[in-house]
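**Q** Below is the sequence, then the predicted model.
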Amino acid sequence: MFQPIKKSSFYELIREFRQIQADFLEIFGVNDIFSNSKIYEIIIANELDHDLIAGHSGSKDAKDENGGEYEYKHYKETSSNHSWTFNDYTDSTIASLGLVEGVVFAHIDDTIFPAVLDWYILVNGKVCSLYLKQRTEDLLKRQPKGKPNARRMINISAKQLENDLNLQKTQILVPKTNGKYAVWLQKLYKLNAELEKCTNVTNLLTSNKIWEVLVAVELNHNVNSEQGGRAGSHDAFDEFGNVYEYKVSKTYSWQFQDISENVLEKYKDDKEIILAVVDKTKVEVLTIFSAEPDKVVQRLKEKLAEKSQNYAEKNKEIRRLQVSLTKGDLLVIEAHRIFPKP
């Protein structure tokens, strides 16, 4: 059911979010603490007395007091997949793990609030790198002919690490309450609870939905808390029951992943495709464009065909059906700016 968001209350809470982001950046040098489940990395680092490393893609997650770097992998108790997933990894990704001090395979108990790190398995970086290399080779050998593991995705379970590497879980019976990030975690928990109440959207800090909500408030939309909710698998809906697909980015480049025929057909059910640009440091919406689904789908098909041809000419396989719409595509799909209003 559509429920209008009280904008004055929402904007006041967002101002607090901005202040926490600014303080965290000034004190710890870490930016964008609201994306990609960053809060779980903060929880892990707080428990292990690690310092977070600034950045996301390509950089490691934390370091210890001696400068040794660590990669964090986590899964939640409420997750349907109780294993750690390595998505779209390459040989260089595996090799890079051999340079770190260790890989922390963490379990997050999110059946309680606030969520806690209740156990983890620490694997030496070199050991982990060799193990993943071996597992990948074994997986490729078992792949049916003509059906390679094109996306290079692999799941690792706790049982595998315990049995294959003779490792044990480190249990945390009493979570730390005085770690270097403890005060900030408490602020985030409190603010998250208030924002979820204000917006009727859950898991704001454990997904990228905070950015969708920022956009939705400007458009007088509601965001679905979970996929498969009120408006099916669509991102947002309005008071008239119209549904929308959201793509939110830091730049004028919006990524569309896993572009199957079913996904493309689903887009045609949307009233509009929303393409937004946000500043994740200042926690604000910069601009929003709207486009007709049919024109977006047509452009996605064209770009995917171009990508397939380029890969075929280079005798390479497409690892994942994904393409991006860029600033130049806005003219092609005849998108129009709806925020700020012209």
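**A** Yep, that arrived.
**Q** Kindly indicate whether the closest residue to Asp279 other than its chain neighbours is helix, strand or coil.
**A** Nearest residue to Asp279 in three dimensions, chain neighbours excluded: Leu286, at 5.7 Å (CB to CB, 6 or more residues apart in numbering). C-beta: built from backbone N, CA, C; applies to glycine. Here Leu286 is recorded as strand under DSSP: H, G, I helix; E, B strand; the rest coil.
**Q** State the pLDDT value of Leu286.
**A** With respect to pLDDT, Leu286 has a value of 98.
**Q** Number of residues surrounding it?
**A** By other CB atoms under 10 Å, the residues close to Leu286 number 13.
**Q** what's the answer for the one 4 residues further on, then?
**A** The criterion is other CB under 10 Å. On that basis, Ser290 has 17 neighbouring residues.
**Q** what does Tyr246 give?
**A** Applying other CB under 10 Å, we find 26 other residues in the vicinity of Tyr246.
**Q** After the helix or strand containing it, which helix or strand is next?
**A** For Tyr246, the element it lies in under DSSP states H and E is strand 243-249. Toward the C-terminal end, the helix or strand that comes next after strand 243-249 (DSSP H and E) is strand 253-256.
**Q** which residues are contacting whichever helix or strand comes after that following strand?
**A** Going down the chain from strand 253-256, the next helix or strand is helix 261-267, by DSSP H and E. For helix 261-267, contacts defined as CB atoms under 8 Å, 6 or more residues apart in numbering pick out Gly232, Ser233, His234, Glu245, Ile273, Pro293, Val296, Val297, Leu300, Lys301.
**Q** Now do helix 261-267, average pLDDT.
**A** Per-residue pLDDT over helix 261-267 has a mean of 91.
**Q** And it, what's buried?
**A** Across helix 261-267, burial judged by 16 or more other CB atoms under 10 Å covers Val263, Leu264, Lys266, Tyr267.
**Q** Okay, now the unreliable bits of the stretch 51-200 of the chain?
**A** The stretch 51-200 of the chain contains residues with pLDDT under 70 at 55-58, 88, 140, 142-152.
**Q** The same query, at a cut-off of 80, please.
**A** 55-59, 87-90, 138-153 (pLDDT under 80).
**Q** so where do the helices sit in it?
**A** Using DSSP state H, counting those that start in this stretch, the helices of the stretch 51-200 of the chain run over 91-97, 125-142, 158-165, 182-199.
**Q** As JSON lines, those helices with distance to Leu173 and mean neighbour count would be great.
**A** Shown next, in JSON lines, are the helices of the stretch 51-200 of the chain (distance: least, CB to CB, whole Å; neighbours: other CB atoms under 10 Å):
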{"stretch": "helix 91-97", "distance to Leu173": "29", "mean neighbour count": "15"}
{"stretch": "helix 125-142", "distance to Leu173": "26", "mean neighbour count": "15"}
{"stretch": "helix 158-165", "distance to Leu173": "18", "mean neighbour count": "15"}
{"stretch": "helix 182-199", "distance to Leu173": "17", "mean neighbour count": "17"}
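**Q** Output the ones you listed as TSV; include the columns distance to Phe17.
**A** Formatted as TSV, the helices of the stretch 51-200 of the chain follow (distance: least, CB to CB, whole Å):
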stretch	distance to Phe17
helix 91-97	32
helix 125-142	34
helix 158-165	34
helix 182-199	6
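**Q** How about residues contacting stretch 274-287?
**A** Residues outside stretch 274-287 that contact it (CB under 8 Å, 6+ apart) are 14, 17-18, 21, 25, 31-32, 34-35, 211, 214-215, 218-219, 235-236, 244-252, 254, 288-291, 325, 330, 335, 337, 339-340.
**Q** oh, I was asking about stretch 321-328
**A** 247, 252-260, 275, 296, 299-300, 303-304, 307, 333.
**Q** One more pass at 10 Å, please.
**A** Applying CB atoms under 10 Å, 6 or more residues apart in numbering, the set of residues contacting stretch 321-328 from outside is 88, 150-151, 247, 249, 251-260, 263, 273, 275, 277, 289, 291, 296, 299-308, 329, 332-333, 335.
**Q** Which positions in it come out as buried?
**A** For stretch 321-328, by 16+ other CB under 10 Å, it's Leu321, Gln322, Val323, Ser324, Leu325.
**Q** And for stretch 105-113?
**A** Phe105, Ala106, His107, Ile108, Asp110.
**Q** show me what contacts the closest residue to the last one other than its chain neighbours?
**A** In space, not counting the residues next to it along the chain, Asp110 is nearest to Lys76; the distance is 4.6 Å by CB to CB, 6+ apart. By CB under 10 Å, 6+ apart, the contact list for Lys76 reads Ser37, Tyr40, His82, Ala106, His107, Ile108, Asp109, Asp110, Thr111, Ala115, Asn203, Thr206.
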